[in-house]
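Peer 1: no sequence for this one, just the structure:
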């Protein structure tokens, strides 16, 4: 939800089945993609070591237990893209009403290591920015998802390559406009505006986080969450600034300051990131942004991970450094992000507001991770 980590979240799109493509109002379903001459072989799951045994100093917070229980209804029904678990593997844990977090996770889960367990920790948070209910000079529209935007899971056609996104046009799916085209009005005049952001720079970084809150002049708050992406590759502008010798250490605050001090060059630089995020209004009653599993996230109890390498909803024990201090914590992997790829790559959710942003923004630290798989899944994977 990425954070200055550079992840467009929720950063996490849910692939739509072909029937949904056919159901777009006023649109015909796209022609089926050609099938390969032979069925594609199933993807090989990541290497799983022998069980990692007891974790020294293991503990778990009540928030981690709550985050896991929020994920349970999805775990009992969804297909695990990593191939490491099956819905039945989660039944025992999801049926247990135990209240002691450490005992609960020790009873139902076995720690395993994906590859060597070494990876990278970054952070993300839920920002709050100034919003407007009507357009104003210099403001940027916050757009909802165009109804013709679809996500196509290539596995449905036995084609490797993950998910692609595009727009249904007649009987075809075509490439969606990039950021530059959208900011120039590609979707203007269609009533897609949820609100306006007073500062386009703030909106750009809110898109990186994938969710946030708009503080209105009348004191109202509009909570928005990820509702799709335009299908273009994410480009980290911080890396561009560093590679071009403009900012040697481009943290989030440094990037924002440069963009505002150089408005014309800054607008052009932001458009070098062609990825664009669409939003939806979220209920006022939820206590956190919605992650890829479709449930609200809890601060320092959830993280984003790569759903192709480990099961979404799995508990993850992470050891890293945050604010110069050891960070050893059990988190539930209930979210994804465009830049969160590969085993042992985690984006820690730090909550909402300025303090959460201060902790999340600069984080880019090595980590050691253990994945807690349901006992039955770990037993099945044991050599």
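Peer 2: Cool, got the structure. Since this is a predicted model, take the numbers as computed values, not measurements.
Peer 1: For the rest of this, base every contact and every neighbour count on C-alpha atoms.
Peer 2: Will do.
Peer 1: quick one: the helices in the stretch 1-150 of the chain?
Peer 2: With DSSP state H, counting those that start in this stretch applied, the stretch 1-150 of the chain shows helices at 3-6, 18-22, 62-75, 91-95, 101-108, listed in chain order.
Peer 1: actually the stretch 251-383 of the chain, sorry about that
Peer 2: Taking DSSP H, counting those that start in this stretch to define them, one finds helices in the stretch 251-383 of the chain at 252-261, 263-270, 354-360, 375-381.
Peer 1: Any chance of CSV for those, columns mean pLDDT?
Peer 2: Output for these, formatted as CSV (pLDDT from 0 to 100):
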stretch, mean pLDDT
helix 252-261, 94
helix 263-270, 97
helix 354-360, 91
helix 375-381, 94
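Peer 1: For residue 93, which of the ones you listed is the nearest?
Peer 2: Between residue 93 and the helices of the stretch 251-383 of the chain, the shortest gap by Cα to Cα is with helix 375-381, which sits at 9.6 Å.
Peer 1: what's next to that closest one, contact-wise?
Peer 2: Where contact means Cα atoms under 8 Å, 6 or more residues apart in numbering, the residues beyond helix 375-381 that reach it are 48, 51, 84-86, 89, 108-110, 112.
Peer 1: what do you get for stretch 215-224?
Peer 2: Where contact means Cα under 8 Å, 6+ apart, the residues beyond stretch 215-224 that reach it are 128-133, 211-214, 279-284, 289.
Peer 1: Mind giving me the ChimeraX select for the residues you listed, buried ones only?
Peer 2: Buried members of the contacts of stretch 215-224, identified by 16 or more other Cα atoms under 10 Å, are gathered into one ChimeraX selection as follows:
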select :128,129,130,131,132,133,211,212,213,214,279,280,281,282,289
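Peer 1: Output the helices of the stretch 251-383 of the chain in JSON lines, with distance to residue 237 and mean neighbour count appended to each entry.
Peer 2: Formatted as JSON lines, the helices of the stretch 251-383 of the chain follow (distance: least, Cα to Cα, whole Å; neighbours: other Cα atoms under 10 Å):
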{"stretch": "helix 252-261", "distance to residue 237": "8", "mean neighbour count": "16"}
{"stretch": "helix 263-270", "distance to residue 237": "7", "mean neighbour count": "15"}
{"stretch": "helix 354-360", "distance to residue 237": "17", "mean neighbour count": "18"}
{"stretch": "helix 375-381", "distance to residue 237": "40", "mean neighbour count": "16"}
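Peer 1: Setting aside sequence neighbours, what's the nearest residue to residue 281?
Peer 2: Here the nearest residue to residue 281 in space, its sequence neighbours aside, is residue 224; by Cα to Cα, 6 or more residues apart in numbering that works out to 4.6 Å.
Peer 1: Check whether the one you found sits in a helix, strand or coil.
Peer 2: Using DSSP: H, G, I helix; E, B strand; the rest coil, the structure places residue 224 in strand.
Peer 1: Who is it paired with across the strands?
Peer 2: residue 212, residue 281 (DSSP bridges).
Peer 1: got any ranges where the protein has weak pLDDT?
Peer 2: Along the chain, the parts satisfying pLDDT under 70 run over 1-45.
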